[in-house]
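Peer 1: A structural model of the following input is requested.
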Amino acid sequence: MADLDPVIHAQARLRITAALATLDQDQSIAFPRLQELLDMTPGNLSTHLKKLEDADYIVQTKEFLGRKPVTYLRLSTRGRRAYEDYREQLRALLDREP
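Peer 2: Numbering: from 1, shown residues only. Model prediction:
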């Protein structure tokens, strides 16, 4: 059995990828909304997003609404596949006979 993906396996990053996986492939969510959903501080969320971005698991898009910058987030194709693989591996691990 393959090892669980250490990038996703950290609790905060698992919560982030699980939340982003609920969106359609072409949808994104604003940083403040994701922060609110996950009840994370901006610094903590940013730290974990950086690790996901370094692994090419998320895509960040920065736009302006009027003069205010807004960051939008979504899973990349690679990130979505990694999350799906993680779920399959976890299920296999949990279903394994002792």
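Peer 1: contacts, neighbours, all on C-alpha from now
Peer 2: OK.
Peer 1: can you map out the helices along this structure?
Peer 2: 6-9, 11-21, 31-38, 42-54, 77-95 (DSSP state H).
Peer 1: list the buried residues of stretch 25-37.
Peer 2: For stretch 25-37, burial by neighbour count (16 or more other CA atoms under 10 Å) applies to 28-29, 31-32, 34-35.
Peer 1: so which of the helices of the chain gets nearest P69?
Peer 2: Closest of those to P69 is helix 31-38, at 10.6 Å (criterion: CA to CA).
Peer 1: now the angle from the closest one to helix 11-21?
Peer 2: 110 degrees (axes from the mean of the first three to the mean of the last three CA atoms, to 10 degrees).
Peer 1: so which elements touch helix 31-38?
Peer 2: helix 11-21, strand 68-75 (3 or more CA pairs under 8 Å, 6 or more residues apart in numbering; DSSP states H and E).
Peer 1: average pLDDT for it?
Peer 2: The pLDDT scores in helix 31-38 average 97.
Peer 1: please identify the most buried of the helices of the chain.
Peer 2: helix 11-21 (a mean of 18; mean count of other CA atoms under 10 Å).
Peer 1: centre of the chain versus it, how much separation?
Peer 2: Helix 11-21 has its C-alpha centroid displaced from the chain centroid by 4 Å (CA atoms, centre = their mean, to the nearest Å).
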